[in-house]
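Trainee: Here's a sequence, model it:
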Amino acid sequence: MALTKNDIVTKVHALGFTKNKSVKIIEALLEIIKSTLEKGEDVLLSGFGKFCVKQKNKRRGRNPATGDDLILKERKVVTFKCSGKLRDKINGKG
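Mentor: Next comes the predicted model:
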């Protein structure tokens, strides 16, 4: 089961914030992250990980449904690399 934005709001609400304030906090945080990535800048959250914007070059691809060859346009993608602390915690070492 995935953690949803509503789940995060509920957890922030449990810290003592009002429900409305919790929604505003989470929305503001996500908006800051989105606008930073949109500018092409990385987002580093210490102890959690780093969101990076990478440039993908134009390349040949294939439509898996039809098998037709096509050219994929160059584009930007967001990647995530977790921190060592998070990796250790996930693997039960932290």
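
Trainee: what does the top helix by length along the chain contact?
Mentor: As assigned by DSSP state H, the longest helix anywhere in the chain is helix 19-38. Residues from elsewhere that reach helix 19-38 (C-beta atoms under 8 Å, 6 or more residues apart in numbering): 5, 8, 9, 10, 12, 13, 17, 42, 43, 51, 53, 78. (Each C-beta comes from the backbone N, C-alpha and C, glycine too.)

Trainee: Show me these that map onto strands.
Mentor: Applying DSSP state E to the contacts of helix 19-38, the entries found in strands are 43, 51, 53, 78.

Trainee: just the buried members of the contacts of helix 19-38?
Mentor: The neighbour-count test (16 or more other C-beta atoms under 10 Å) marks 8, 9, 12, 13, 43, 51, 53 as buried among these.

Trainee: Out of those residues, which two are the most distant from each other?
Mentor: Across the buried ones among the contacts of helix 19-38, the longest distance by C-beta to C-beta is 31.5 Å; it joins 13 and 53.

Trainee: still on that earlier bit, closest to residue 84 among the buried ones among the contacts of helix 19-38?
Mentor: Using C-beta to C-beta, the buried ones among the contacts of helix 19-38 come closest to residue 84 at residue 51, 16.3 Å.

Trainee: so that closest one touches residue 77, yeah?
Mentor: No - Residue 51 is beyond contact range of residue 77, at 10.9 Å (criterion: C-beta atoms under 8 Å).

Trainee: domains for the protein, by residue range?
Mentor: 1-39, 41-94 (automatic domain parsing).

Trainee: from the chain's centre, how far out does the last one sit?
Mentor: Taking C-alpha atoms, centre = their mean, to the nearest Å, the mean C-alpha location of domain 41-94 is offset from the chain mean by 9 Å.
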